[in-house]
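**Student:** no sequence on this one, just coordinates:
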C-alpha cells in the first residue's frame, strides 16, 4: 500500500486513473473529489512523514496495490448488521463512521454481534472534526462511488486483493490494567455514559467518585477480553449532572480496571509502535495525539489519519490500528 499526503488535484487524478483508495481530510476538500473506488472521512489531524500536524489543505490517501478491485458503498444505520454481506473472498473491508452519530453508537454497542463480521479483516476509523468544532460541526463520511457526503450510517470499501496477497490486521495499545488498590469497576447498563458504577461491588455515583478520588481521566478504563486489552476512554466528567461520558461504550458484566500510569506517554507510545510502519494502512487515536503531544513528532513510519475512534472488528479507543499486506 502507498501512503501519501496530496493536494485535492493530485487525489482527483489518482481516482480518475482507477485507483482503489481510502482518503481522509477536511470535508470541503473531500466534497470536490470525483466519483470512483474510494471512501473518505473528515479529520484535520494527521500523522505524516514530517510528524503530527493539523492541515486543511491536503488529503491523506492510502492506495491499495495495483490489481486490487473494490466496491464502495454507504450503509444506513439500520442496515449495519448486514455489513459482512459485501465481503470479498480473501479480501479486506474498510469502514468509516461519523463520530457522535447514531451509527457510531449502534456499531459500538452491537457490532460484535453482527453476522459473519469476523470472517475477514474489518478495520477503519471514526471520522471527526477539529476539537474546537465539536458540537458545532458534524463529522462526515463520503461514499466515493456515488460522490455523496453523509453524517450518519457508515461507508464501506470492500476490497478484493490481488492473488496471493495476504492481509494482517493488528492493534497497538500502550495501556495495561493497573493494580490501583485492586479496584474493579463495573456498570449496570451499556452505553457511552454512566451515572452509577460498582467499585469492588459497591454502588457509587461515578462522576462524584472520579472527582473525589482525583482519577486521571487521561488514563482509560481497560477490560481484558480473553487476553485482548480493550480501552474505554473518558470524554468528560460532570458531577453536577451526575454523569461520566466515554468515547466507547461500557457493558454490564464486564470488569474494568484503570490503566496503569505512563511516566512518559509519548516515549512509551513510540517504543510500542516499533519502526515498521511504512506501507501499513494505519489510524491513530486523537487522544494519543493530544496526550502524547504528537504535533510535530514522528511515529516510526506509521502515517495516517488521527481519528475519534479506531475499528478492528469492534470500536477501540486510544489505540493504533494497522493493516499490512504481504505477497
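**Tutor:** Nice, I can see it. These figures come from a predicted structure and were not determined experimentally.

**Student:** Any stretches of the stretch 1-150 of the chain with poor pLDDT?
**Tutor:** Applying pLDDT under 70 to the stretch 1-150 of the chain flags no residue at all.

**Student:** do that again at 90, thanks
**Tutor:** 48-51, 90 (pLDDT under 90).

**Student:** those helices in it, which residues are they?
**Tutor:** 8-16, 27-30, 102-110 (DSSP state H, counting those that start in this stretch).

**Student:** Please tabulate those helices in TSV, including the columns mean neighbour count and distance to residue 41.
**Tutor:** Quick note: C-beta positions are derived from backbone N, CA and C, even for glycine. Output for the helices of the stretch 1-150 of the chain, formatted as TSV (neighbours: other CB atoms under 10 Å; distance: least, CB to CB, whole Å):
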stretch	mean neighbour count	distance to residue 41
helix 8-16	17	14
helix 27-30	20	8
helix 102-110	20	12
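
**Student:** Please name whichever of those is nearest to residue 265.
**Tutor:** Residue 265 sits nearest to helix 102-110 of all those, at 24.4 Å, using CB to CB.

**Student:** For the closest one, name the packing helices and strands.
**Tutor:** strand 92-98, strand 191-194, strand 243-250, strand 314-316 (3 or more CB pairs under 8 Å, 6 or more residues apart in numbering; DSSP states H and E).

**Student:** Name the residues that touch the last one?
**Tutor:** Here strand 314-316 makes contact (CB atoms under 8 Å, 6 or more residues apart in numbering) with 104, 107-108, 111-112, 126, 171, 173, 230-231, 248-249, 285, 309-310.

**Student:** run the last query once more with 7 Å
**Tutor:** If you take CB atoms under 7 Å, 6 or more residues apart in numbering as the criterion, strand 314-316 is touched by 107-108, 111-112, 171, 230-231, 248, 309-310.

**Student:** Of those residues, keep whichever come out buried.
**Tutor:** Among the contacts of strand 314-316, those classed as buried by 16 or more other CB atoms under 10 Å are 107-108, 111, 171, 230-231, 248, 309-310.

**Student:** For residue 277, give me the pLDDT.
**Tutor:** pLDDT for residue 277: 60.

**Student:** Look up the residues forming beta bridges with the closest residue to residue 257 other than its chain neighbours.
**Tutor:** In space, and not counting its chain neighbours, residue 257 is closest to residue 177: 4.1 Å by CB to CB, 6 or more residues apart in numbering. Beta bridges link residue 177 to residue 259, judged by DSSP bridges.

**Student:** who touches residue 177 in this structure?
**Tutor:** Residues near residue 177 by CB under 7 Å, 6+ apart: 222, 224, 229, 257, 259-260.

**Student:** hmm, back to that, sitting in strands, which of the contacts of strand 314-316 do you find?
**Tutor:** Residues of the contacts of strand 314-316 located in strands (DSSP state E): 171, 230-231, 248, 310.

**Student:** Determine which two of the residues you listed are furthest apart.
**Tutor:** Across the ones in strands among the contacts of strand 314-316, the longest distance by CB to CB is 13.5 Å; it joins 171 and 248.

**Student:** Now residue 254: phi and psi?
**Tutor:** With angles defined as degrees, to the nearest 10, residue 254 sits at phi -110, psi 140.

**Student:** got a markdown table for the helices of the stretch 1-150 of the chain, with distance to residue 160 too?
**Tutor:** Output for the helices of the stretch 1-150 of the chain, formatted as a markdown table (distance: least, CB to CB, whole Å):
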| stretch | distance to residue 160 |
| --- | --- |
| helix 8-16 | 18 |
| helix 27-30 | 24 |
| helix 102-110 | 23 |
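
**Student:** Which residue lies closest in space to residue 16, excluding its sequence neighbours?
**Tutor:** Excluding the flanking residues, the one nearest residue 16 by CB to CB, 6+ apart is residue 34, at 5.8 Å.

**Student:** Could you count how many residues lie near residue 244?
**Tutor:** Other residues within reach of residue 244, judged by other CB atoms under 10 Å, total 28.

**Student:** Beta-bridge partners for it, please?
**Tutor:** Beta-bridge pairing for residue 244 (DSSP bridges): residue 194, residue 237.

**Student:** That one and residue 210 touch, don't they?
**Tutor:** Yes. Counting by CB atoms under 7 Å, residue 210 is a contact partner of residue 244 at 6.2 Å.

**Student:** between the two, what contacts are shared?
**Tutor:** Residues touching both residue 244 and residue 210 (CB under 7 Å, 6+ apart) are residue 237.
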